[in-house]
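A.B. asks: okay, sequence plus prediction incoming.
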Amino acid sequence: MEDNQKTLNKLRDEMTAVNGDIINHLNHFFSISNKIGIIKDKMGLPHFDPVRESEMLNDILMKTRGPMPAEDMQRVFMEIFKVSVKEMGAGTRQKLKVSRHQGKGSKVINVGGVVIGNGIPVLIGGPCAVEYPEQVMKTATYLKNMGIRLLRGGAFKPRTSPYNFQGLGEEGLKILKEVATSLDMRVVTEVMSSEDIPLIEKYADILQVGTRNMFNYSLLKQIGKSRKPVLLKRGFMATIEEFILAAEYIYNGGNEEIILCERGIRTFETQTRNTLDISAIPILKKETSLPVIVDISHSLGRKDIVLPIAHAALAAGADGLVFESHFNPAAAWSDAQQQLDMKETEELIRYLEKYFKF
C-alpha cells in the first residue's frame, strides 16, 4: 500500500511537471498566433482559415501515436485553435477606435442640449412613420409634455413588402422638422441610402442607420463623413463583434458621435418580434466607449411586456430607450400593434420614474 502511494505521488509530480510544460508550450503557441493575427489584420485577411486548420488537424492525426486516441487529440487541438482565433479578435478589438481603451472615458453626445451618455437615461419617442402633420403634432406634443425631447419618425420606410407604405420622403422630413422646431425637440430619422444623406441632414438632428443597413458598408462610410450624430441599430442577424465593427466604419470616416442601439436579433423564438439581447448592453458598454440605447418596440413587437423589459434594459446599463408611439395606434399606417398610445406612453414613463432619474 505504501509503495502504491509513493508511486502515485511520483506520477502526480510528473503530471504537474508536464502541466507546466503544456502551459509554456500553449503560451508560446498563443504568442505565435497573436503575431499571425497582426499580420492578417495588415493583409485584410480573416483570422479563421478553415483550410489551414484542416491541414494542422490532419498533421496532428498523422503524428498521434497514443495512448490518447487520435480523435480526442483532434478535439483538444480544435478547442485550442478556437480560443486562439478568439484571442486574435480580442487583440483586434482593443485596437479599434471605438474600443474602451484603458483610461478612455465614456462618450457623451450633446444633441442640441439633449445629452446622451452622461449617466442620465434619455427617452426617444414618436410614430413608426410620418403620416400627416396633425398625427405628428398630436403625438409629439404629448411626448414633449411628458418630458421627451427626442422625436423619432420614419420618412423613408424600409419595408419587407414592396406593397406596404414606404414613407412620405421629403414631405415627411419637413413635417418632422416643423413639428420639432415648434416644440423645441430634436429629430431622429432613418437614412436608407448614401444619396439621401445631404437631404436628410437638412432636417434631422440624429441620422439613424436601420437594422437592414448595418451591413451596408458603403452607407456607413458615407455616414462617417457627416457631422451629425448617428444612431446605429444592430443588424437583426449580427453578432456583437460585427455590430462593433460596423460602428468602426463610421468612426473611421471621422464621425465619432455614434450611439449604438440594441434592437433585438432574430432567433427561433416567436413570442416576440425579435429576441432582445439584454447581455449585449453591458458587453457593448465594456467593449466600447459609445453610449448604448435599446429599442423596446422593434425588439418586442408587442406592448403588454414593455414595462418590465424597459426596466431591465435600463437596469442593465442602457443610456436610454427608443420606442414607437402614436396618438391613435389603431389607425396607424404601419406597426400598429407595437406603437404605444398616449395613455400607455404615460404609464411607461411614470413607471420608469419610480426607479430612474430622467
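C.D. replies: Sure, I can see it.

A.B. asks: in this protein, where is pLDDT below threshold?
C.D. replies: Within the chain, the segments meeting pLDDT under 70 span 89-94, 102-103, 157-160, 163, 165.

A.B. asks: show me how it divides into domains.
C.D. replies: If you go by automatic domain parsing, the domain ranges for the chain are 2-95, 109-353.

A.B. asks: first to last residue in the shortest one, what's the distance?
C.D. replies: According to Cα to Cα, to the nearest Å, domain 2-95 extends 57 Å from its N-terminal end residue to its C-terminal end residue.

A.B. asks: mind putting the domains of the chain into CSV with mean neighbour count?
C.D. replies: Every C-beta, even on glycine, is put in place using the N, C-alpha and C of the backbone. Output for these, formatted as CSV (neighbours: other Cβ atoms under 10 Å):
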stretch, mean neighbour count
domain 2-95, 12
domain 109-353, 19
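
A.B. asks: JSON lines for the ones you listed, including distance to His101?
C.D. replies: Formatted as JSON lines, the domains of the chain follow (distance: least, Cβ to Cβ, whole Å):
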{"stretch": "domain 2-95", "distance to His101": "7"}
{"stretch": "domain 109-353", "distance to His101": "8"}
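
A.B. asks: quick one: the helices in the stretch 201-350 of the chain?
C.D. replies: For the stretch 201-350 of the chain, the helices defined by DSSP state H, counting those that start in this stretch occupy 217-223, 240-252, 280-287, 306-315, 342-353.

A.B. asks: the ones you listed: which one's closest to Pro69?
C.D. replies: Among the helices of the stretch 201-350 of the chain, helix 240-252 comes nearest to Pro69, with 34.1 Å by Cβ to Cβ.

A.B. asks: which residues touch stretch 60-72?
C.D. replies: Residues from elsewhere that reach stretch 60-72 (Cβ atoms under 8 Å, 6 or more residues apart in numbering): 73-74, 77.

A.B. asks: inside strands: which ones of the residues you listed?
C.D. replies: In strands, judged by DSSP state E, none of the contacts of stretch 60-72 are found.

A.B. asks: could you report the separation of Gly320 from Thr189?
C.D. replies: 17 Å (Cβ to Cβ, to the nearest Å).

A.B. asks: brain fart, Thr211
C.D. replies: Applying Cβ to Cβ, the value for Thr211 to Thr189 is 15 Å.

A.B. asks: one more: Met137?
C.D. replies: 16 Å.

A.B. asks: picking up where we left off before, now the helices of the stretch 201-350 of the chain in TSV, with distance to Tyr132?
C.D. replies: As requested, the helices of the stretch 201-350 of the chain are arranged in TSV below (distance: least, Cβ to Cβ, whole Å):
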stretch	distance to Tyr132
helix 217-223	29
helix 240-252	33
helix 280-287	36
helix 306-315	26
helix 342-353	17
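
A.B. asks: between the ones you listed, which one is closest to Leu232.
C.D. replies: Minimum separation from Leu232 across the helices of the stretch 201-350 of the chain (Cβ to Cβ) falls at helix 240-252, 5.7 Å.

A.B. asks: which residues touch Asn213?
C.D. replies: Counting by Cβ under 8 Å, 6+ apart, Asn213 makes contact with 158, 191-192, 219-220.

A.B. asks: hmm, 7 Å instead?
C.D. replies: Taking Cβ atoms under 7 Å, 6 or more residues apart in numbering, we find Asn213 in contact with 192, 219.

A.B. asks: show the contacting residues for Leu123.
C.D. replies: 148, 320-321, 358.

A.B. asks: all strands of the stretch 101-250 of the chain, in order?
C.D. replies: For the stretch 101-250 of the chain, the strands defined by DSSP state E, counting those that start in this stretch cover 109-111, 114-116, 122-126, 150-152, 186-190, 206-209, 230-233.

A.B. asks: next SSE after the longest helix seen in the chain?
C.D. replies: Identified as the longest helix of the chain according to DSSP state H is helix 2-43. Under the assignment DSSP states H and E, the closest C-terminal helix or strand after helix 2-43 is helix 50-63.

A.B. asks: re earlier: let me have the strands of the stretch 101-250 of the chain in TSV, extended by distance to Glu347.
C.D. replies: Formatted as TSV, the strands of the stretch 101-250 of the chain follow (distance: least, Cβ to Cβ, whole Å):
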stretch	distance to Glu347
strand 109-111	26
strand 114-116	23
strand 122-126	13
strand 150-152	19
strand 186-190	23
strand 206-209	26
strand 230-233	25
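
A.B. asks: return the distance of Gly37 relative to Met146.
C.D. replies: To Met146, Gly37 is 49 Å away according to Cβ to Cβ.

A.B. asks: next one: the longest helix of the chain to chain centre, how far?
C.D. replies: Taking Cα atoms, centre = their mean, to the nearest Å, one finds the center of helix 2-43 at 37 Å from the center of the full chain.

A.B. asks: quick check: angle from it to helix 50-63?
C.D. replies: Angle between the axes of helix 2-43 and helix 50-63 is 150 degrees (criterion: axes from the mean of the first three to the mean of the last three Cα atoms, to 10 degrees).

A.B. asks: packing partners of helix 2-43?
C.D. replies: Judged by 3 or more Cβ pairs under 7 Å, 6 or more residues apart in numbering; DSSP states H and E, helix 2-43 is in contact with helix 70-95.

A.B. asks: just want the angle from the helix it packs on to helix 2-43.
C.D. replies: Using the same axes, to 10 degrees: helix 70-95 against helix 2-43 is 50 degrees.

A.B. asks: now helix 70-95 against helix 280-287, angle please.
C.D. replies: Here the directions of helix 70-95 and helix 280-287 differ by 70 degrees (the same axes, to 10 degrees).
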